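K.L.:
Fold the following for me, if possible:
(chains A and B)
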Protein chains: 2
Amino acid sequence: MAEPYRPLLTNAARPATFEVEAYNERGEMVPTSIAGEHPLTLYLDKREIVTLMTLGHAPEALAIGYLRNQHLADAIEAIAAVQVDWETDSVAVTTRKRAKGVARKLGKRTVTTGGGQGTVFGDLMDEIDKVKLREDVRLSDAQLFDLVEKVRKYETIYKQAGAVHGCALARTTGVAAAEIMLFIEDVGRHNAVDAIAGFMWLDAIDGSDKVFYTTGRLTSEMVIKCALMGIPFLVSRSGLTKMGYEVARRVGLTMLGRASGRHYLAFTGQQRLERTLPQATAFA
Amino acid sequence: MAEPYRPLLTNAARPATFEVEAYNERGEMVPTSIAGEHPLTLYLDKREIVTLMTLGHAPEALAIGYLRNQHLADAIEAIAAVQVDWETDSVAVTTRKRAKGVARKLGKRTVTTGGGQGTVFGDLMDEIDKVKLREDVRLSDAQLFDLVEKVRKYETIYKQAGAVHGCALARTTGVAAAEIMLFIEDVGRHNAVDAIAGFMWLDAIDGSDKVFYTTGRLTSEMVIKCALMGIPFLVSRSGLTKMGYEVARRVGLTMLGRASGRHYLAFTGQQRLERTLPQATAFA
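P.N.:
Just a heads-up that it's a prediction; the model follows:
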């Protein structure tokens, strides 16, 4: 198999946590890890697009995924280079053919509920109706519980410093097994989603049989992004909003909330779920 | 005392929660409350400013506080009317003297970490250096613990549906007592902050001796908004980010994180804190 196309990339991750002095309720000094948060101004062919506040852990993938999810880039092949420079807190993305329609797309912004991004919401809702998610894929309870357990072990920055959201892209690898392919934490949960979208392009990963996990809430924007990546399963430990629910129903996504330990609530798309464990086991 | 000035206001709160069918890990149908999430397009003197995704619980205060925190309105007296119309998912704000400099301010946006708002970040950082928070105010551990306990009882939508953030404005009312003056939940935590800022203008509440509580993380934008409201105390049950920490230090805010039960971590501005409880009691 040919290597997937890769733009020219820097590799400029920032340290994820910093230590500060804090004082507890007894007046004792407690060295405490806090999450990094850095402004990163994104330039597309020298045009300033946006300043993202990010942990800075995967800035190149974040920039690519941001452009992907905002429909400012159509394919990874359109991107020639992604160059992060923390001296100037900037990332310069160069396209191979100057991106079109950027001004128009940037004209209409919605401030959404989620981790910070004014999205070209109207356009996204138009596109959502074109999405056809695969119907021939299944997720079993045993696979789900394995995924939830593996995510728990992954959350290193969260455990150290809190104040971050995590997202994972996973695939099933056996009747009771799932594998985390990508795991991203960021101070903004939409940054984490965007970085995953960026890595999926970079690594030529097809979403059509994958599971997307987020620690964050299932808002409309989260559901839309998942669907536009073609991913049929969306799992969260948190709750959902009414619009998240409505968009998931409209697009036929399988959406699970409150997933923790061996519990979950399936809100939409239950036809793709399989219960393979006996009830007693499910409750163990 | 004269009544504070009030613009003409609608009173158009939406229901906060909706019930949907969900299926648990045993395949049982569980009726589940989910948080509302509605688009609300804000027009300032007929100019479209932004579409907010909101729970819709306090849309008039949200619109006013958004304009306040984005520095698109200078005083409550500048606002003649705030009219919410859920038929068109819009809120029309009319000023008494057409707002100036709106186009310039809207030109420079930052996508921030927090609950969704592209803020006029550069301008806010300039203003932060002009802020002088009161130094003659104190918060004791006993008052703090009382506040944390009262917040816990307030969180009705969160408990029912999850997926929302809560913010409270509180004042101390005795050596070991605090009172919640305002409590707002919204799907976006910056909406909740903005709604509080709106109510503070509507009710002519001075922030200089108050405590601001948020369930959300202490990011730079949260710290900036608190400081610009003149509030010296910022309390969260969550963690903080590096930029939140740096801005709090720069402006001299008293910032407490991980506040839960009788525990907290004081990150900045400890000179305003008083430990009045014996250590053993503090740990009770």
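
K.L.:
C-alpha only now, for contacts and for neighbours.
P.N.:
Noted.

K.L.:
Flag the shaky bits of chain A, pLDDT-wise.
P.N.:
Within chain A, the stretches with pLDDT under 70 are A:1, A:98-124, A:156-163, A:279-284.

K.L.:
Centroid-nearest residue for it?
P.N.:
In chain A, the C-alpha nearest the mean C-alpha coordinate belongs to A:V193, at 1.5 Å (C-alpha atoms, centre = their mean).

K.L.:
who's in contact with that residue?
P.N.:
A:65, A:167, A:184, A:225 (C-alpha atoms under 8 Å, 6 or more residues apart in numbering or on different chains).

K.L.:
ok, now A:P59?
P.N.:
Contacts of A:P59 (C-alpha under 8 Å, 6+ apart): A:12-13, A:84, A:91, A:195.

K.L.:
quick one: it and B:M243, what's the gap?
P.N.:
17 Å (C-alpha to C-alpha, to the nearest Å).

K.L.:
Over to A:R237?
P.N.:
27 Å.

K.L.:
give me the element A:V235 is part of.
P.N.:
Secondary structure from DSSP states H and E places A:V235 in strand A:233-236.

K.L.:
And A:Y213, by the same measure?
P.N.:
Here A:Y213 is assigned to strand A:211-214, by DSSP H and E.

K.L.:
before we move on, what about A:R250?
P.N.:
Counting by DSSP H and E, the element that carries A:R250 is helix A:242-251.

K.L.:
how far is that helix from where the chain is centred?
P.N.:
18 Å (C-alpha atoms, centre = their mean, to the nearest Å).

K.L.:
related to what we said a few turns ago, other residues contacting the strand holding A:V235?
P.N.:
Looking at what lies outside strand A:233-236 - C-alpha under 8 Å, 6+ apart - the contacts are A:210-218, A:223, A:226, A:253-259.

K.L.:
Equivalent analysis for stretch A:84-93, please.
P.N.:
Contacts of stretch A:84-93 (C-alpha under 8 Å, 6+ apart): A:10-12, A:38-46, A:59-60, A:63, A:79-83.

K.L.:
quick one: terminal-to-terminal distance for it?
P.N.:
9 Å.

K.L.:
Any chance you could list what contacts stretch A:253-260?
P.N.:
A:133, A:148, A:218, A:227, A:232-240, A:248, A:264-273.

K.L.:
Now the buried members of those residues.
P.N.:
For the contacts of stretch A:253-260, a burial check counting by 16 or more other C-alpha atoms under 10 Å in any protein chain shown picks out A:133, A:148, A:218, A:227, A:232-240, A:248, A:264-270, A:272-273.

K.L.:
got the CA coordinates for the strand or helix carrying A:I34 in CSV?
P.N.:
Following DSSP H and E, one finds A:I34 within strand A:29-35. Coordinates of each C-alpha in strand A:29-35 appear next as CSV, following Å, rounded to 0.1, in the frame of the first residue of the first chain:
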residue,chain,number,x,y,z
MET,A,29,1.6,24.8,49.8
VAL,A,30,0.7,22.1,47.3
PRO,A,31,2.6,22.0,44.0
THR,A,32,-0.1,21.6,41.4
SER,A,33,0.0,20.7,37.7
ILE,A,34,-2.1,22.9,35.5
ALA,A,35,-2.9,22.5,31.8
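
K.L.:
list the buried ones in that strand?
P.N.:
Using 16+ other C-alpha under 10 Å as the test for burial, strand A:29-35 gives A:32-35.

K.L.:
Out of those, which is nearest to chain B?
P.N.:
A:A35 (4.8 Å; C-alpha to the nearest C-alpha).

K.L.:
Surely the closest one is in contact with B:S238?
P.N.:
No. Look at A:A35 against B:S238 with C-alpha atoms under 8 Å: they stay out of range, at 11.8 Å.

K.L.:
Could you report the neighbour count for A:M125?
P.N.:
Close neighbours of A:M125, defined as other C-alpha atoms under 10 Å in any protein chain shown, add up to 14.

K.L.:
is it fair to say it lies in a helix?
P.N.:
Yes. Applying DSSP: H, G, I helix; E, B strand; the rest coil, one finds A:M125 inside a helix.

K.L.:
Where does the residue nearest to it when sequence neighbours are not counted fall, secondary structure wise?
P.N.:
With sequence-adjacent residues excluded and distances taken as C-alpha to C-alpha, 6 or more residues apart in numbering or on different chains, A:M125 is closest to A:I224, at 7.7 Å. For A:I224, the element it lies in under DSSP H and E is helix A:220-228.

K.L.:
Can you give the contact residues for that helix?
P.N.:
Counting by C-alpha under 8 Å, 6+ apart, A:69, A:112-114, A:124-125, A:127-128, A:131, A:133, A:190, A:193, A:212, A:232, A:234, A:241, A:243-248, A:251, A:253 sit against helix A:220-228.

K.L.:
The residue nearest to the centre of chain A - that's part of a helix, no?
P.N.:
Yes. Checked against three-state DSSP, A:V193 lies within a helix.

K.L.:
From A:I64, how far off is it?
P.N.:
Distance from A:V193 to A:I64, by C-alpha to C-alpha: 11 Å.

K.L.:
can you confirm A:Y66 is in a helix?
P.N.:
Yes. Counting by three-state DSSP, A:Y66 is located in a helix.

K.L.:
which residues of the stretch 51-200 of chain A fall in strands?
P.N.:
For the stretch 51-200 of chain A, the strands defined by DSSP state E, counting those that start in this stretch cover A:79-85, A:90-95, A:110-111, A:118-119, A:139-140, A:165-174, A:177-186.

K.L.:
Quick check: ChimeraX command selecting the buried ones in the contacts of A:P59.
P.N.:
To isolate in ChimeraX the members of the contacts of A:P59 that are buried, counting by 16+ other C-alpha under 10 Å, one can use:
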select /A:84,91,195
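
K.L.:
Let me know the closest of the contacts of A:P59 to A:V137.
P.N.:
Nearest to A:V137 out of these is A:A195 (C-alpha to C-alpha; 24.7 Å).

K.L.:
need the contact list for the closest residue in space to the closest one that isn't next to it in sequence.
P.N.:
Spatial nearest neighbour of A:A195, chain neighbours left out: A:L62 (3.9 Å); criterion: C-alpha to C-alpha, 6+ apart. Counting by C-alpha under 8 Å, 6+ apart, A:L62 touches A:191-192, A:194-198.

K.L.:
Quickly name whichever of the residues you listed is closest to B:D206.
P.N.:
Nearest to B:D206 among the contacts of A:L62 is A:N191, at 35.6 Å by C-alpha to C-alpha.

K.L.:
Name the residues of stretch A:186-205 that come out as buried.
P.N.:
Going by neighbour count (16+ other C-alpha under 10 Å), the buried part of stretch A:186-205 is A:186-202.

K.L.:
residues touching A:P31, list them.
P.N.:
A:19-22.

K.L.:
Kindly identify which of those also come near chain B.
P.N.:
On the criterion C-alpha under 8 Å from any C-alpha of the partner chain, A:20-22 are the entries of the contacts of A:P31 that sit beside chain B.

K.L.:
Out of those, give me the one that has the most neighbours.
P.N.:
Busiest of the ones next to chain B among the contacts of A:P31 [other C-alpha under 10 Å] is A:A22, holding 20 neighbours.

K.L.:
Does that one touch A:T32 like I think?
P.N.:
Yes. Between A:A22 and A:T32 there is a contact under C-alpha under 8 Å: 6.3 Å.

K.L.:
Can you tell me how far the residue nearest to A:R138 when sequence neighbours are not counted is from A:T172?
P.N.:
Nearest residue to A:R138 in three dimensions, chain neighbours excluded: A:R272, at 4.7 Å (C-alpha to C-alpha, 6+ apart). Noted for A:R272: a distance of 13 Å to A:T172, by C-alpha to C-alpha.
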